[in-house]
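*Asks:* What follows is a predicted structure for the sequence shown.
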Amino acid sequence: MSPVRADYARPVDFKHGRVDMSHGAGGRAMAQLIEELFLRQFDNPLLRQRNDQALFSPPPGRLVIATDSHVVSPLFFPGGDIGCLSVHGTINDVAMAGAMPIVLSAGFILEEGFPLVELERIVKSMAHAARQAAVPIAAGDTKVVERGKGDGVFINTTGIGVVPDGIDIGGDRACPGDAIIVSGTLGDHGAAIMSLRKNIGFTAQIRSDTAALHTLVAAMIAAVPQIHCLRDPTRGGLGTTLNELAKQSGAGMLIEENALPVRPEVSAACELLGIDPLYMANEGKLVAICAAHRAASLVAAMRAHPLGTDAVRIGEVIADDHHFVQMNTGFGGRRVVDWLSGEQLPRIC
Amino acid sequence: MKYVDEFRDGGAARVLVRAIERDLDAGRRYNFMEFCGGHTHAIARYGIRSMLPAAINFIHGPGCPVCVLPIGRIDSAIELAQRPGVTLCSYGDTMRVPASHGMSLIKAKARGADVRMVYSCADALGIARDHPERHVVFFAIGFETTTPPTAAVILAAAAEGLENFSVFCNHVLTPAAIQNLLDARQEREIAEVPLDGFIGPSHVSAIIGSRPYEFVAEKYAKPVVIAGFEPLDVLQAVWMLVRQLNEARCEVENQFSRAVTRDGNRKAQRMVAEVFELRETFEWRGLGELPSSALRIRPRFHDFDAEARHGLAYRAVADNKACECGAILRGVKQPRDCKVFGTACTPENPIGSCMVSSEGACAAHYTYGRFRDIAVRAAERAA
């Protein structure tokens, strides 16, 4: 009789192993990777159902769904990595409806040859971010593509959330006279990614601001349930987000350059590369628009939350049939803040 | 940010604007051409136009290297990039310039050509060193500011004996363009749009000095102020030009004394002279063929000259008929005078080159200043 146990499989070698085609082939290797990595790290009651889908009853309220694919390069950057970014990004998209996110799904596209040690680090980071945010990853999928057909790992996450009754937040609700507020410093994520790119050696350490904003949103709604618009200025930055909201709401905007919060190191990096911080990506900031008389309470509520300590009012919504976003420059002139044209920097999220 | 914020100070700007207002002659208009696209961009980005009295008129000049590059040269670059084994390295601005048949370098890249965006010509040299199996071509464009670095990489490649690197040289010269512009205006357009003085580019003068502009003041009786690119530099240059005109002076003045001298950077000039020689003629978009207005690589560096090495033949291509880039580059039209501005021609789908580079007059006006056209149009309709 062999001493080897029939139910024993040699554990996945996360230290030296690499992704190979069998990890996506649907066989034993895939089942083992799912078991020892994804299920173990993401572990929660919904995943423990072990079905091809997760069954759950949503709490009362209207449902929202959002999806986001993440292709950031490099995969690891100061302040985060593709793992936590993929959790935060989708939670934030859900939260910008004023919703509380309840579940996430995660789809992985892995490139043959990708080191398992890095995959494990990414998955652990996702699991940590999901646990911190108290939003379970309830469903997942893994595919493997041949070497050269991906770039290490791509992650798609989808989130479902519930909007409490009485909350009506949308990009089309900005009205002339409303106040425009941002939750903190602009461009940190874009500058952090940029600082790692080839040929751009900054000595200053700029950290990504990647963070889940749903608890900040909850605190804001508790203080001012009548918020008109919320949006996270990710790719394209604040400039592009304000243009989206102006167009959707059929209004113009006027912001004050001197009021914009930008860290000196981010401002210096932008200056060197000829990039405007207004178009730099953020992954842990939001723009809020509310009636002017409620702005002070909203800013106070934001500043009381750790992710909104630098919240500040930056301008107002104005009537404008052409839906221009304009800015009074610190220098004393006035100009348009246009949509971002072309690509500022590819694959930042 | 230290050494930057000081030159963008709103308080200092108000003081300068008041000084300009005080010194203006009532009833007189002041038409200044900012030759360089860097100034055009600064004027638009900081809203300087809106801070100055209406008597001051900026005319945007042809000093945007991307804008003056004729379609035929872009076609040649695309043809090169599509050859097997060739890697073409280009500055970012040039990637989207529209060429013949709706092509551009960025579209050629999407169709499989190996086109890389670089921040510096030294990066192109690095790519050549790292990829001996590829022939790397640097698509060199720009005025006197970008010429010395191109000379430096050619000298470095020659010293190393690097065999897989060459330069497609499109370097052009500022004083020649100004002279042509003034000659052309004297011939046909001077009555249309008067021109009272020039704001000269400081980064060009950091290399060539202020001396090469002296003919503008002496022969053509137009004052020149060499100015930096920060908004306070521009305002101060405007003030200096206003004072020259009021006092009936006509000189080359140096606002950018922090880096520009009369003779410029002699070492850089020597390097440029070692590697490059004058072309008899070169086509400029909007200005046509201009004699002695551009550089080519000297025969002794033949191996590094992409035109010679790859047998590139130049073929001139006419601009789109609807596009007013030519008139805009000569300063006789404004972007809003062009029928396709902001409609068929936008930064996403540029028809003319002035809409491509952020330094182009059309792109700068579209991006930062087009809200002002609404009031202008309304006034025109009312009149």
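*Replies:* Sure thing, it's come through.
*Asks:* Now name the helix or strand holding B:Ser358.
*Replies:* Secondary structure from DSSP states H and E places B:Ser358 outside every helix and strand.
*Asks:* For it, give me its contacts.
*Replies:* A:Gly274, B:His41, B:Asp93, B:Ala364, B:Thr367 (C-beta atoms under 8 Å, 6 or more residues apart in numbering or on different chains). C-beta: built from backbone N, CA, C; applies to glycine.
*Asks:* burial measure for the first one, as a count.
*Replies:* To tie it back to what came earlier, the one meant is A:Gly274. 10 (other C-beta atoms under 10 Å in any protein chain shown).
*Asks:* Which pLDDT value belongs to it?
*Replies:* As predicted, A:Gly274 sits at a pLDDT of 79.
*Asks:* ok, now how distant is it from chain B?
*Replies:* Per C-beta to the nearest C-beta, to the nearest Å, A:Gly274 is found 8 Å from chain B.
*Asks:* And the average pLDDT for stretch A:147-158 is what?
*Replies:* On average, stretch A:147-158 scores 96.
*Asks:* I'd like the distance between the residue of chain A found nearest chain B and A:Glu271.
*Replies:* For chain A, the residue closest to chain B is A:Gly333, as judged by C-beta to the nearest C-beta, at 2.0 Å. Distance, A:Gly333 to A:Glu271, using C-beta to C-beta, to the nearest Å: 19 Å.
*Asks:* Looking at those two, which is more packed in?
*Replies:* A:Gly333 (25 against 13).
*Asks:* residue contacts, that one?
*Replies:* Here A:Gly333 is in contact with B:Tyr46, B:Gly47, B:Ile48, B:Arg49, B:Ser50, B:Met51 (criterion: C-beta under 8 Å, 6+ apart).
*Asks:* Hmm, the fourth one is touching B:His60, no?
*Replies:* In this case it means B:Arg49. No - counting by C-beta atoms under 8 Å, B:Arg49 stays clear of B:His60, with 11.0 Å between them.
*Asks:* For the two, indicate the residue with more neighbours.
*Replies:* B:His60 (30 against 19).
*Asks:* Report pLDDT for that one.
*Replies:* pLDDT, B:His60: 89.
*Asks:* what do you get for the one 3 residues further on?
*Replies:* In the prediction, the pLDDT value recorded for B:Gly63 is 88.
*Asks:* What distance do you get for it to chain A?
*Replies:* Distance from B:Gly63 to chain A, by C-beta to the nearest C-beta: 17 Å.
*Asks:* For the nearest residue to that residue once chain neighbours are set aside, grab the count of nearby residues.
*Replies:* Distance criterion C-beta to C-beta, 6 or more residues apart in numbering or on different chains; nearest residue to B:Gly63, sequence neighbours excluded, is B:Cys36 at 3.6 Å. For B:Cys36, the neighbour count with other C-beta under 10 Å is 28.
*Asks:* thought B:Cys36 was touching B:Pro201?
*Replies:* Yes - using C-beta under 8 Å, B:Cys36 is in contact with B:Pro201, at 3.6 Å.
*Asks:* between the two, what contacts are shared?
*Replies:* B:Gly63, B:Phe143.
*Asks:* before we move on, back to that, next, the contact list for the residue nearest to B:Gly63, please.
*Replies:* B:Gly61, B:Gly63, B:Cys64, B:Phe143, B:Ile199, B:Gly200, B:Pro201, B:Val204, B:Glu359.
*Asks:* Pull the number of nearby residues for A:Phe324.
*Replies:* 20.
*Asks:* roughly how far apart are the closest residue to chain A within the stretch 151-300 of chain B and B:Met51?
*Replies:* Residue nearest to chain A within the stretch 151-300 of chain B: B:Pro231 (4.9 Å; C-beta to the nearest C-beta). B:Pro231 sits 9 Å away from B:Met51, going by C-beta to C-beta.
*Asks:* Overlap of the contact sets of those two?
*Replies:* With C-beta under 8 Å, 6+ apart, B:Pro231 and B:Met51 have common neighbours A:Phe331, B:Ala13.
*Asks:* looking at it, A:Ala251 is touching A:Gly177, isn't it?
*Replies:* No - using C-beta under 8 Å, A:Ala251 is not in contact with A:Gly177; the gap is 9.6 Å.
*Asks:* The two: which is more packed in?
*Replies:* Higher neighbour count among A:Ala251 and A:Gly177: A:Ala251, with 24 against 13, using other C-beta under 10 Å.
*Asks:* Could you tell me which residues make contact with the closest residue to chain A within chain B?
*Replies:* Chain B approaches chain A most closely through B:Gly47 (2.0 Å), counting by C-beta to the nearest C-beta. Residues near B:Gly47 by C-beta under 8 Å, 6+ apart: A:Asn328, A:Thr329, A:Phe331, A:Gly332, A:Gly333, A:Arg334, A:Arg335, B:Tyr368, B:Gly369.
*Asks:* mind listing what the second one touches?
*Replies:* If I follow you right, that is A:Thr329. By C-beta under 8 Å, 6+ apart, A:Thr329 lies in contact with A:Glu257, A:Arg335, B:Arg45, B:Tyr46, B:Gly47.
*Asks:* Give me the below-cutoff pLDDT ranges for chain B.
*Replies:* For chain B, the stretches with pLDDT under 70 are B:186-193.
*Asks:* Up against chain A, what does it have?
*Replies:* Taking C-beta under 8 Å from any C-beta of the partner chain as the contact definition, chain B meets chain A at B:1, B:4, B:8-10, B:13-14, B:17, B:44-51, B:96, B:118-120, B:123, B:231, B:347-348, B:358, B:366-371, B:374.
*Asks:* From the residues you listed, list just the buried residues.
*Replies:* Neighbour-count burial (16 or more other C-beta atoms under 10 Å in any protein chain shown) applied to these gives B:8-10, B:13, B:17, B:44-51, B:96, B:118, B:123, B:231, B:347, B:358, B:366-371.
*Asks:* quick one: contacts of stretch B:245-258?
*Replies:* For stretch B:245-258, contacts defined as C-beta under 8 Å, 6+ apart pick out B:23, B:25, B:30, B:196-197, B:200, B:202, B:205-206, B:210-211, B:213-214, B:216-217, B:221-228, B:233, B:236-237, B:240, B:243-244, B:260, B:262.
*Asks:* Now intersect these with the helices, please.
*Replies:* B:23, B:202, B:205-206, B:214, B:216-217, B:233, B:236-237, B:240, B:243-244 (DSSP state H).
*Asks:* Go ahead and build a PyMOL selection from the buried members of these.
*Replies:* This is the PyMOL syntax for the buried subset of the ones in helices among the contacts of stretch B:245-258, where burial follows 16+ other C-beta under 10 Å:
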select buried, chain B and resi 202+205+206+216+217+233+236+237+240+243+244
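*Asks:* Now the two most distant members of the ones in helices among the contacts of stretch B:245-258.
*Replies:* B:Asp23 and B:Ala206 (28.3 Å; C-beta to C-beta).
*Asks:* ok, back up a step: from B:Ile178, how far off is the residue nearest to B:Gly63?
*Replies:* The value you get for B:Cys36 to B:Ile178, if C-beta to C-beta is used, is 11 Å.
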